[in-house]
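Peer 1: coords below, sequence missing:
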Ligand code: ADP
Ligand code: ZN
């Protein structure tokens, strides 16, 4: 099943329920270079045997400008010209590196993605943001450019470790919270085991998330306004991810709970929603509490690139399926974190 979406920065062909075997059809005889990580290359040796393949170590540390420089050197060595099609096959690390590399190599070559993690399928591969880190500074170098295609082959998920399933569900639960009360209800009825045994329902869920994200990106590709809603749970998540070495999904889970607690004061969100969200997160193997050092967290939030003066645009919930952008003073966030720390 295919459909195309035209964003300001390019048109993307989404191929759902597809097989990675169909990649050659999308290449139209252009030379393909696959970019993947070493772990995936080991699990799927057919990639290396079928395509020219470049690998990076399977680690967030690979998402760095130095990797891009090295890969550009490798491309030059294999005489990859401007008609090369770069295809990122992997999780968010691989799709970010590939999108960035393709956007700058020879001033830009075509690229496509085959996301292999649930998180990349519902989030990282979509939306055209391709960022890499410089040392400790996350996503500081980046481009907004859309892949030519994104192929969805859920068979890759058969080898995905349980923790990575939870990470993906953190983002799926995020979409439900901010946009889709019916999806929230559906999620409460199931768990990871259900979706692992029912790929048809899983594909439906993935497609719904893709549509929800595309709708916001279409309206606001450069994150001037609505796209900010996708940062629900993410302001605190980025801080605790770095401070406590949590996976992205776990950090987002904690960030969403904290955002609900702030919402209870700010938007009069019913406390029952916070409790429902907590139990849903736990149902999908995600944490809901963390002993955090408020002072350390605040020192990171103060450096947040989305800060304006002493306010941070925080995404709050008004109800399940309804979110709002709310500029919050740092002092109020600090106060909320202290009460989160005491009461949860
Ligand atoms: P994301 O940012 O999408 O969570 P990453 O790129 O950080 O994902 O990948 C997380 C880990 O999952 C990496 O070790 C990667 O090699 C591994 N991985 C990715 N896809 C698969 C898969 N289909 N099966 C097994 N492991 C995978
Ligand atoms: Zn995220």
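Peer 2: Noted; the coordinates are in hand. Everything numeric in this text was worked out from a predicted model, so none of it was measured. Numbers count the residues shown, from 1 in each chain. Ligands and ions are numbered 1, 2, ... in the order given.
Peer 1: where does the closest residue to residue 232 other than its chain neighbours land in three-state SS?
Peer 2: Once flanking residues are discounted, residue 232 sits nearest to residue 315: 4.1 Å by C-beta to C-beta, 6 or more residues apart in numbering. All C-beta atoms are positioned from the backbone trio N, CA, C, and that covers glycine. The three-state label given to residue 315 by DSSP: H, G, I helix; E, B strand; the rest coil is strand.
Peer 1: Name whatever forms a beta bridge with residue 315.
Peer 2: Taking DSSP bridges, one obtains residue 325 as the residues bridged to residue 315.
Peer 1: mind checking how far it is from residue 336?
Peer 2: Separation of residue 315 from residue 336 (C-beta to C-beta, to the nearest Å): 14 Å.
Peer 1: how about stretch 66-75: buried residues?
Peer 2: 67, 68, 71, 75 (16 or more other C-beta atoms under 10 Å).
Peer 1: actually stretch 252-272, sorry about that
Peer 2: 252-264, 266-267, 269-270.
Peer 1: Go ahead and measure how far it is from the middle of the chain.
Peer 2: How far stretch 252-272 lies from its chain's middle: 21 Å, per C-alpha atoms, centre = their mean, to the nearest Å.
Peer 1: what sits up against that stretch?
Peer 2: 170-171, 173-174, 177, 232-237, 240, 246, 273-274, 277-278, 281, 286-290, 314-319, 324, 326, 328, 332-333, 336-337, 339-340, 344 (C-beta atoms under 8 Å, 6 or more residues apart in numbering).
Peer 1: could you flag which of these are buried?
Peer 2: 170-171, 173-174, 177, 232-237, 240, 246, 273-274, 277-278, 281, 286-288, 290, 314-318, 326, 328, 332-333, 336-337, 340.
Peer 1: Does residue 6 have any beta-bridge partners, and if so which?
Peer 2: Beta-bridge pairing for residue 6 (DSSP bridges): residue 11.
Peer 1: Per-residue pLDDT of it, please?
Peer 2: Looking at residue 6, its pLDDT is 96.
Peer 1: For it, grab the count of nearby residues.
Peer 2: Neighbourhood size, residue 6 [other C-beta atoms under 10 Å]: 10.
Peer 1: hmm, back to that, list the contacts for the residue nearest to residue 232?
Peer 2: Residue 315 neighbours (C-beta under 8 Å, 6+ apart): 178, 228-229, 231-235, 259, 323-326.
Peer 1: if we go to 7 Å?
Peer 2: 228, 229, 231, 232, 259, 323, 325 (C-beta atoms under 7 Å, 6 or more residues apart in numbering).
Peer 1: For ligand 1, what is the nearest residue in the stretch 51-200 of the chain?
Peer 2: Closest to ligand 1 within the stretch 51-200 of the chain is residue 91: 2.3 Å, counting by C-beta to the nearest ligand atom.
Peer 1: what about the longest helix seen in the chain, near ligand 1?
Peer 2: Using DSSP state H, we find that the single longest helix of the chain is helix 199-219. No: against ligand 1, helix 199-219 shows no contacts by C-beta under 6 Å from any ligand atom, the least distance being 13.1 Å.
Peer 1: residues touching the closest residue to residue 170 other than its chain neighbours, list them.
Peer 2: The shortest distance from residue 170 to any non-neighbouring residue, by C-beta to C-beta, 6+ apart, is to residue 249 (3.5 Å). Going by C-beta under 7 Å, 6+ apart, residue 249 touches 119, 166, 167, 168, 170, 286.
Peer 1: Going along the chain, name the strands of this protein.
Peer 2: Along the chain, counting by DSSP state E, strands occupy 2-7, 10-15, 32-37, 52-56, 85-90, 110-115, 129-134, 137-144, 149-151, 307-308, 311-319, 322-329.
Peer 1: Most tightly packed of those strands?
Peer 2: strand 85-90 (a mean of 28; mean count of other C-beta atoms under 10 Å).
Peer 1: Does anything pack onto that one? Which helices or strands?
Peer 2: With contacts defined as 3 or more C-beta pairs under 7 Å, 6 or more residues apart in numbering; DSSP states H and E, strand 85-90 has these neighbours: strand 32-37, helix 92-104, strand 110-115.
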